[in-house]
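J.: Prediction below, plus the sequence it came from.
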Amino acid sequence: MSWRRLFSKASTRGSAMAVGAGMTFGGTILYAKEQTQCPLVGVNMIPGKSKKLPKDLPTLTVADVLSDHGDRIWVTFRGGVYDVTDFLDAHPGGATRIEMVANRDLTPFWKLYTLHLERLHILNLLEEYRIGNLSAADAKRMEELTEPLFSMYSEDPDRPRDREGRLRVATTIPWNSEPKDLNTLTDNFFTPNDLFFVRNHNYVPNIDKDEYTLDIDKNEAAGIMKDYSFTLEELKTKFPKHEVISALQCAGNRQEDFVTKDRPLFVAPHWRNGAIGNAKWEGVKVRDILKYCGMDVDGMALGTKQYPGVKICNFIAEDTDETGVPYAGVLPVEKVVDPFGDALLAYRMNDETLPRDHGYPIRLLAPGHAGCRNIKWVRNIVLSQQASELDSGSKLDRHFAPDVDFMEHIRWGEEHLRLDQGPVIQTLPVTSVICDPPQFGTLDGKNRENVTVKGISWSGGGRGICRAEVSIDGGKTFTAAELMKRPDGITKPVNPEAGQGRNWAWSQFEETIPLTDEMKGSLKKGKPVNIEIVMRAIDGDFNKQPEHMEQTWNVLGICCNHWARTNVRIDPKFKSGDKLPPPPATPKPGYPWPEETINNFKATTF
């Protein structure tokens, strides 16, 4: 099925408003109630601008809420009435998910999407749009009138690693998880499939391989003179199979470092450090499929053929939100046609059939590009002049300057932003993660002479890693870490410093660093020593990670690549082999570490 009908904002909104009129989905009516004319339409309140307290706002009735508000979107929640129209385009989950609940109570919807209830700053944000109150009886009545949201997540795959307690789950609906133990990233060069981070935006489609087809839309401007459709078997047999070893990282990995007490992040899913993994991917090159369909990809790569009307390759996914809007992402056409770009439609991952959580039966692998560009469950490919309106990255993956704020800018819409100063990301900057010792962990200190540090480093765009540097004194002094040997037969396609790209895989490192005389002296006196371990990486273009989080902070929580930092305690009352105190559990998603914990592990000064 082609999604060309959804390539404009108007048609996307239209599909959502059809639902608002009582459309059914999955055989269940989302909502459909008789509406009456509201006498309060045009009430003199500007959502978000009025700072009146709830007690100073008018008391409205159920009839008021159910009335026709024209283009305005009213909702209720816990006795409040809210006009959220001005928040539509800023909603990270998409405008249609708000339009879907027009004239209804949020409670049944947020019982499904619980992250709204778990993060205080979201509840505080809602209050910015409050325009009135309901009596206790009417608040209860609004909940009763709002049918439960039909859950599209009932057929999501089983996740046994979660039951074992090995995953840090940022959200359950949609499912987003990363390995809880960061040693997972250094124990193996290839991250196990069932511990590889999962970033979902919707439910996980349950696709029958025998019914699956990949559709390529006709585009005469690109040399594709008709629509094409390929079964999974045809993709495997008509085209050569290619293997690419590549890391994959969510654009928001490490974004919890951006969360401070007075500056929350309004985006999901709030990753710690584990939203990165490395795998062997097998599949068919996108360029081979487009060549079969008539596009002169070789001529484009050589510069002898141009298609002026083709700049973007849109990948439309099978997963949709409740209103039927599919997830989608885009790549520059140059990435797709480049024979060294290695853009794959993958059907195998680490020598196994692609798991459902990772895109079965077909996903895009765009090595070197942000995870949001690596679309799962690809159903449709469309070539175009501009990015589809379905591309979520055009809204959620813009990199703004540190002074751009969610409350003051983002939530008011594009007219309050300089979009030319917030470019949409494709590749990601050089970064690193300290995997061991764990944050706020304890090490045995009796007779200890050194500390061993393990971690990973990676740079987008295939730039590769030239060097990783480690410090145990908070960054006052650094030493080069030993980059770990890759498995036999796996080599770098080209040296990173050659500047030719294609270093898609990550680099793992390990280094043992001697303690200073002052540290060892304190331990011999029976006094614990807190140290701050710091790591930074240098990529093939000799880009180096910036020192401080504040230098990289941005409102949408992406491209987090400041120095990796871990604070640990070396305690002389423990000797090698003793059972050590476990590190504290990470805070709930969206919340910073408690100040007490931070202060308890603050580095010892000498």
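T.: Perfect, thanks for sending it.
J.: can you give me the strands for the stretch 501-606 of the chain?
T.: 507-514, 529-539, 564-571 (DSSP state E, counting those that start in this stretch).
J.: which secondary structure elements does the second one contact?
T.: Translated: strand 529-539. If contacts are counted by 3 or more CB pairs under 8 Å, 6 or more residues apart in numbering; DSSP states H and E, strand 529-539 sits against strand 431-436, strand 450-458, strand 465-471, helix 517-524, strand 564-571. Bear in mind the C-beta positions are built from the backbone N, C-alpha and C, glycine included.
J.: Next: the first one.
T.: Strand 507-514 makes packing contacts with helix 184-187, strand 450-458, strand 465-471, strand 479-480, strand 482-483 when contacts are defined by 3+ CB pairs under 8 Å, 6+ apart.
J.: what does the fourth one rub up against?
T.: If I follow you right, that is strand 479-480. Applying CB atoms under 8 Å, 6 or more residues apart in numbering, the external contacts of strand 479-480 come out as 467, 468, 469, 470, 471, 511, 513.
J.: which among those residues gets closest to residue 373?
T.: Using CB to CB, residue 468 comes nearest to residue 373 of the contacts of strand 479-480, at 25.4 Å.
J.: count of neighbours near that closest one?
T.: When neighbours are defined as other CB atoms under 10 Å, residue 468 has 27 of them.
J.: Quickly list what it is bridged to.
T.: Per DSSP bridges, the residues bridged to residue 468 are residue 537.
J.: so residue 144, which of the three states?
T.: helix (DSSP: H, G, I helix; E, B strand; the rest coil).
J.: Oops, could you answer that again for residue 63 instead?
T.: helix.
J.: pLDDT at the closest residue to residue 381 other than its chain neighbours, what is it?
T.: Sequence neighbours aside, residue 216 is the residue nearest to residue 381 in space, at 5.1 Å (criterion: CB to CB, 6 or more residues apart in numbering). pLDDT recorded at residue 216 is 98.
J.: So what's the residue count around residue 216?
T.: Other residues close to residue 216 by other CB under 10 Å number 24.
J.: Return the set of residues that bridge with it.
T.: According to DSSP bridges, beta-bridge pairing links residue 216 with residue 228, residue 381.
J.: OK, contacts around it?
T.: 224, 227, 228, 229, 230, 289, 290, 293, 380, 381.
J.: which one of these has the most neighbours?
T.: The member of the contacts of residue 216 that has the most neighbours, counting by other CB under 10 Å, is residue 290 with 26 neighbours.
J.: so when I look at that one, I'm seeing a helix, right?
T.: Yes - according to three-state DSSP, residue 290 belongs to a helix.
J.: Surely it touches residue 333?
T.: No - counting by CB atoms under 8 Å, residue 290 sits too far from residue 333 to count as a contact (9.0 Å).
J.: For this protein, which residues score under the pLDDT cut-off?
T.: Applying pLDDT under 70 to the chain flags residues 1-51.
J.: I'd like to know how far the spatially closest residue to residue 507 that is not a sequence neighbour sits from residue 447.
T.: Closest residue to residue 507 apart from its sequence neighbours, by CB to CB, 6+ apart: residue 465 at 4.1 Å. The spacing between residue 465 and residue 447, counted by CB to CB, to the nearest Å, is 34 Å.
J.: Just want to know which of these two has more residues nearby.
T.: It is residue 465, of residue 465 and residue 447, that has more neighbours when counted by other CB under 10 Å, with 25 against 11.
J.: residues touching that one, list them.
T.: With CB under 8 Å, 6+ apart, residue 465 has these contacts: 430, 457-459, 483, 496, 503, 506-507, 537-540.
J.: buried sites along stretch 90-108?
T.: Under the neighbour-count criterion of 16 or more other CB atoms under 10 Å, stretch 90-108 has 90-91, 93-107 buried.
J.: Residue 245: which element?
T.: strand 242-249 (DSSP states H and E).
J.: how about that strand: buried residues?
T.: 242, 244, 245, 246, 247, 248, 249.
J.: What strands line up against the next helix or strand after that strand, and which way round?
T.: Reading on from strand 242-249 to the C-terminus, the next helix or strand found by DSSP H and E is strand 276-285. Sheet pairing of strand 276-285 (DSSP bridges) gives strand 242-249 (antiparallel), strand 344-349 (antiparallel).
J.: could those be laid out in CSV, adding distance to residue 394?
T.: Shown next, in CSV, are the strands paired with strand 276-285 (distance: least, CB to CB, whole Å):
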stretch, distance to residue 394
strand 242-249, 20
strand 344-349, 22
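J.: among those strands, which is nearest residue 489?
T.: Checking those against residue 489 by CB to CB gives strand 242-249 as the closest, at 10.5 Å.
J.: returning to what we had before: ok, which of the helices and strands packed on strand 529-539 comes nearest residue 318?
T.: Nearest to residue 318 among the helices and strands packed on strand 529-539 is strand 450-458 (28.5 Å), distances taken as CB to CB.
J.: ok, now how distant is the residue nearest to residue 594 when sequence neighbours are not counted from residue 532?
T.: The spatially closest residue to residue 594, leaving aside those adjacent along the chain, is residue 587, at 7.3 Å (CB to CB, 6+ apart). Applying CB to CB, the value for residue 587 to residue 532 is 19 Å.
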